[in-house]
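**Student:** Got a predicted structure here, sequence first:
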Amino acid sequence: MPIVTKEDILDRISELLIERFATFSDAGKSISQFQKVVRDGKVVTAGEENPRTSDDKLVLYGSDLKANFEDSDLIDHIYTTYFQNTEHDLNSIELAVQTDELDVNTFFKLQVAGQVVTFQDDDVFEDNLGQFVDFEEISQPFIDSDKAAQVLDTNIFELLPSVTTRQQLINDFFLKYNTLKPPSPKTFGAISDEDGDDLTETFNADSASLFSQTYDISNSPPDQEKNKSITWLQANEDYENTAKSLEWLHDDLNQNYFLQHDIEAEIEDDRPKYVPKSEGYLKIRDLNQAIIIRNEESDDVGLIGPDPENPLWLDKGFTITMWVKFLDKTSGGTLFNFGNPLRKEDPKGFMLETYTVKAVGENGYISPQYMDNTGYSWRPTGSFADSDTERFIRLVVRDKDGHLRDSHVGGPDGGAGRPQIFPEAPILERRYTGLNYNGVSSTFGSDPIQHGRGYVFSYTRVPVDLQEWYFIVANYNPSVDEDGSNFVEDNSLNQNPDYWRWNVKADEAYVPYSGFGAQCKVEIISKSDLLRARGFRP
């Protein structure tokens with residue numbers, strides 16, 4: 001039930017008087033005699049003997065309570081008795097017309113909820129009529145503009161504004177945001193991605209200052225504001241733009257609308273943190289920088305033995321291990337070498353090297369060092385998935401018979417010498433005296449990587465992660481029966497890289513060491529994977 005106020009009671013009585021005003025007209029009464037006017041500096045009721053004329057100043061009140069102050073006792077009585085603690089509504093107030101009396105106060109009988117309200121004041125209803133204006137009787141009432149300004153709101157607004165839906169408001173918000181936001185600070189070099197992981201992590205203070213001066217509306221001259229945008233950083237906000245920057249909006253969204261903690265990250269990792277045992281390490285910052293290893297007590301460093309013409313490593317083999325962290329995605333070069341197995345005159349020794357292949361377009365690749373003259377640009381399925389470059393490591397050895405051996409492997413052939421699965425590669429000749437690129441028997445042969453034709457992908461792949469350390473293990477084992485291995489074309493063993501790495505027997509069973517495959521192999525493991533395998537947190 002709506003709450004009824006004293007003002008509502010007076011409004012209801014006024015509405016009823018308007019509906020029944022014909023009763024007054026029939027008795028020769030007019031509104032002008034009930035209206036309040038200013039006479040002799042006082043506010044008085046015009047009266048029946050001297051009704052208000054156009055020369056009188058009409059007095060109108062902003063509230064019926066003020067206009068009918070004399071009726072306050074009656075209104076209080078009606079409010080307290082019938083409305084304050086009851087469920088009556090305004091429609092329960094009625095005026096019943098009486099025609100047996102001529103006095104004004106006896107024209108009507110006031111009823112509330114069917115009960116007659118008694119009163120003694122003869123003029124009880126005249127005050128209500130004093131708020132009315134009769135435009136037929138007086139063509140233009142005089143209104144004191146100074147007094148009207150004190151009670152009337154003269155600010156006029158559109159009475160029927162256009163209706164805007166919530167969706168329209170949302171559309172307008174994003175339209176204005178896209179209009180007012182500045183260009184990306186990346187275009188100024190204010191923020192940048194230096195490590196190539198597609199995430200900005202570098203802030204350039206000078207470029208950021210220039211960007212803010214160019215686009216921020218904060219602290220800009222008034223004649224330039226029309227070309228300015230939302231302020232970028234909170235530190236650059238001025239008084240008018242406090243809490244109106246992109247950084248403030250970013251913080252507000254993160255604080256109120258998105259998860260502030262990764263649920264998975266909250267899972268407690270109770271694995272111990274690995275503590276390095278060594279006191280330090282030697283760092284080589286660029287590939288191809290050299291360290292000369294020598295024995296201070298003799299000329300032998302453990303690889304040659306008593307007969308320099310027949311070094312021990314040719315019969316016993318060797319293992320090279322090292323930790324490597326690649327600082328960019330494109331550099332290549334020698335990681336370790338003993339002699340030069342690829343030189344034209346008196347080649348001997350071995351080398352461990354890394355090289356990269358860069359993607360070009362959607363279907364091609366280039367390898368500046370090893371691309372063949374035909375410009376062949378095939379690349380295996382799955383390559384360049386995480387980066388526009390791929391990195392590989394290979395071991396090359398000149399054996400005791402002068403044959404060139406290296407660490408490439410074979411894989412499923414997709415036709416025309418193309419492998420299907422990356423990083424596996426097609427069937428390749430192992431021997432320096434084997435088939436050359438054109439398939440013709442040659443005394444000299446050539447190194448498979450020099451053929452191009454996708455062979456550059458057949459070596460050990462290193463993920464492109466500039467933050468990760470990799471442990472490299474390169475082995476040469478002349479005891480492996482490489483020449484007697486089953487490298488027949490289309491043979492399942494030949495197409496299995498693990499067979500080339502000594503881990504699969506002729507019956508395709510996995511073993512720690514099979515004795516078959518390539519005499520050279522290169523394996524890697526990341527520091528993170530190694531620590532996880534040993535039970536530590538990476």
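**Tutor:** Structure received.
**Student:** Please count neighbours and contacts with C-alpha atoms only from this point.
**Tutor:** Will do.
**Student:** Tell me the first helix or strand C-terminal of the lowest-mean-pLDDT helix or strand in the chain.
**Tutor:** Taking mean pLDDT, DSSP states H and E as the measure, helix 64-67 is the helix or strand of the chain with the lowest mean score, a mean of 58. Sequence order places helix 72-78 as the next helix or strand after helix 64-67, per DSSP states H and E.
**Student:** Pull out the buried residues from that following helix.
**Tutor:** Buried residues in helix 72-78, counted by 16 or more other Cα atoms under 10 Å: 74-75, 78.
**Student:** which residues touch the longest strand belonging to the chain?
**Tutor:** Using DSSP state E, we find that the single longest strand of the chain is strand 348-360. Contacts with strand 348-360, where a contact means Cα atoms under 8 Å, 6 or more residues apart in numbering, come from 329-342, 365-368, 384, 388-399, 402, 456, 474.
**Student:** Could I have the buried ones of the residues you listed as PyMOL selection syntax?
**Tutor:** The following PyMOL line selects those of the contacts of strand 348-360 that are buried, judged by 16+ other Cα under 10 Å:
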select buried, resi 329+332+334+335+336+337+340+341+342+365+366+367+384+388+389+390+391+392+393+394+395+396+397+398+399+402+456+474
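**Student:** Of the contacts of strand 348-360, which belong to strands?
**Tutor:** 333-340, 365-366, 389-398, 474.
**Student:** what about the closest residue to residue 508 other than its chain neighbours, helix or strand, and which?
**Tutor:** Closest residue to residue 508 apart from its sequence neighbours, by Cα to Cα, 6 or more residues apart in numbering: residue 493 at 7.1 Å. Counting by DSSP H and E, no helix or strand carries residue 493.
**Student:** Also the one 5 residues further on?
**Tutor:** Residue 498 is located in helix 497-500, with elements delineated by DSSP H and E.
**Student:** With residue 111 instead?
**Tutor:** Going by DSSP H and E, residue 111 is in strand 108-112.
**Student:** So for the following helix or strand past that strand, mean pLDDT?
**Tutor:** Where DSSP H and E defines the elements, the next helix or strand beyond strand 108-112 is strand 115-116. Across strand 115-116, the average pLDDT comes to 78.
**Student:** who does strand 115-116 touch, helix- and strand-wise?
**Tutor:** Of the remaining helices and strands, none touches strand 115-116 by 3 or more Cα pairs under 8 Å, 6 or more residues apart in numbering; DSSP states H and E.
**Student:** I'd like the distance between residue 34 and residue 12.
**Tutor:** To residue 12, residue 34 is 18 Å away according to Cα to Cα, to the nearest Å.
**Student:** Between the two, point out the one with more neighbours.
**Tutor:** residue 34 (24 against 16; other Cα atoms under 10 Å).
**Student:** which residues in the chain form helices?
**Tutor:** 6-19, 22-26, 64-67, 72-78, 126-129, 145-151, 166-180, 205-215, 246-256, 313-316, 497-500, 527-533 (DSSP state H).
**Student:** Give me the pLDDT for residue 30.
**Tutor:** With respect to pLDDT, residue 30 has a value of 72.
**Student:** Contact partners for residue 113?
**Tutor:** Shown in contact with residue 113 (Cα under 8 Å, 6+ apart): 88, 92-93.
**Student:** Could you rerun that using 6 Å?
**Tutor:** residue 92 (Cα atoms under 6 Å, 6 or more residues apart in numbering).
**Student:** end-to-end on stretch 463-481?
**Tutor:** Start-to-end, stretch 463-481 (Cα to Cα) is 30 Å.
**Student:** buried stuff in that stretch?
**Tutor:** 464-465, 470, 472, 474-478, 480-481.
**Student:** Next: stretch 79-93.
**Tutor:** 79, 82-83, 88-90, 93.
**Student:** Stretch 319-326 too?
**Tutor:** 324-326.
**Student:** that older thread, could you check the angle the strand holding residue 111 makes with helix 6-19?
**Tutor:** 140 degrees (axes from the mean of the first three to the mean of the last three Cα atoms, to 10 degrees).
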